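In: have a look at this fold, sequence not included:
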C-alpha cells in the first residue's frame, strides 16, 4: 500500500464502492478519529471513597467481556511503557502479507480522511475528555455472557508527560472513581510517564508516521514487556498483539491527525485484518467494521466506522465459535464513542459549541 494521502485510484474506488454506500470526500470534525484504552480496573474502598487503582504494569490481552460492575470498573490501561530496545528487525506483521485487499483499501481511505482532521495544541495542565456508551456482562464470571443495557461513562485523563500516580477520573453509574497507579501488595506505587500505557496527545504526536516504523515501535515495546514477564513463546501472537495495541490506541484519546492516519495504514499491514460489512456499536449505529479474528480466544473484534464519513464510532466483539461464553455469533462486548474533547479541569465538560 502506498503512503499517499490523495485517496484511492479508480480501480480502488470501484472496490471500495462495494463496501461503502459512498466514500467520504469532506473533512471530519476535529477529534472524531481518536481513541484510547479500555481495560480492567480494580475498585477499592479508601476512607469511604472508591478509587480506581491500576496494578503494577503488565500487558494482558484485552478481555472479551466486562466483568461484573460490583467489584470492577473500566478505565486506564494495562500496557507497560518501555523504551524501544534497539531491535531493528521488522515485526512479523510488516514482513508477512498485508490485510486482504478490501480491508487495505478501506483502511487507506480511513487514513486519508483522518489525516484531514485538525491538529490541536494540548498542554500538560489539560485533560482529554471522552464520553462513551459501554456494555457490561451481567452473567456469572466464567459462564455464558449476558450483556446488560449500554451504560454511559465519562473519563478525564491527565495530559502530563509524567510520571504521574493520579491519572484521571471516571464517572460511571452515578459515581466518580479516581484513576490511580497502585500495586496490589501495598508496595509504593511508581508513576507512569506518558507512553503506550498512558498515551497523551503529545506522546501520540511523537510516534513515527511511517506505518512500518510505527509497527516496529509497537512490536519492540510489546516484545520487551513480554520478555520482562517471561511470556512463553506459544502464548505470543505478534499479529494479534499489534492489532489489539492499535485498537487500544483508538478508543479513549484525542489523536493527532498524522498519527491516526499512520495507525490505520499500519493496521492494513497486519495479516488477517478483514471487513465486516455491517457492524453495530453500543449506540445502535450501523457502520462498516475493520476486524480481526483472535483464533486462540475464539472471538472477532471489529473497529466500527461510519459508512459515509468514515468517522470512528466504536467497537464490537463477538464469538466466532462456540465457547463457554456462548454460542458462535454471541456479542461479548460493544462500545460507542459519543464525544471527545480537551478540557482544563477534572469534571469539566466540553461546551456545546466545542
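Out: Received it, and whenever you're ready, just let me know what you need. Keep in mind it's a predicted model, so treat the numbers as computed, not measured. Residues are numbered from 1 along each chain as shown.
In: please, where are all the helices along this protein?
Out: 10-17, 92-95, 101-115, 201-205, 211-228, 238-249, 257-267 (DSSP state H).
In: columns mean neighbour count on top of those, output as a markdown table?
Out: No exception for glycine: its C-beta is placed from N, CA and C like everyone else's. Below are these laid out as a markdown table (neighbours: other Cβ atoms under 10 Å):
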| stretch | mean neighbour count |
| --- | --- |
| helix 10-17 | 13 |
| helix 92-95 | 19 |
| helix 101-115 | 23 |
| helix 201-205 | 20 |
| helix 211-228 | 20 |
| helix 238-249 | 22 |
| helix 257-267 | 26 |
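In: do you know which of these lies nearest residue 351?
Out: Distance to residue 351, taken as Cβ to Cβ, is lowest for helix 201-205 among the helices of the chain, at 19.1 Å.
In: contacting residues around that closest one?
Out: Contacts to helix 201-205, defined as Cβ atoms under 8 Å, 6 or more residues apart in numbering, come from residues 119-120, 122, 124, 128, 159, 161, 194-195, 249, 253-256, 258-259, 342.
In: now with 7 Å, please.
Out: 122, 128, 159, 161, 194-195, 253-256, 259 (Cβ atoms under 7 Å, 6 or more residues apart in numbering).
In: least reliable of the helices of the chain by average pLDDT, please.
Out: Among the helices of the chain, helix 92-95 carries the lowest mean pLDDT, at a mean of 36.
In: ok, residue 283 touching residue 336?
Out: Yes: using Cβ atoms under 7 Å, residue 283 is in contact with residue 336, at 3.8 Å.
In: find residues that contact each of the two.
Out: Shared contacts of residue 283 and residue 336, counting by Cβ under 7 Å, 6+ apart, come down to residue 133.
In: neighbour count: these two, which is higher?
Out: Ranked by neighbour count (other Cβ atoms under 10 Å), residue 283 and residue 336 place residue 336 first, with 22 against 15.
In: quick check, that one in contact with residue 131.
Out: No: applying Cβ under 7 Å as the test, residue 336 and residue 131 come out as separate, 9.7 Å apart.
In: nearest residue to residue 147 other than its sequence neighbours?
Out: Among residues not flanking residue 147 along the chain, residue 135 sits closest, at 4.8 Å (Cβ to Cβ, 6 or more residues apart in numbering).
In: could you list every residue that touches residue 259?
Out: Residue 259 neighbours (Cβ under 7 Å, 6+ apart): 204-205, 207, 209.
In: go again using 6 Å as the cut-off
Out: 204, 207 (Cβ atoms under 6 Å, 6 or more residues apart in numbering).
In: so how do I select the buried members of the contacts of helix 201-205 in ChimeraX?
Out: In ChimeraX, this line selects whichever of the contacts of helix 201-205 come out buried by 16 or more other Cβ atoms under 10 Å:
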select :122,128,159,194,195,253,254,255,256,259
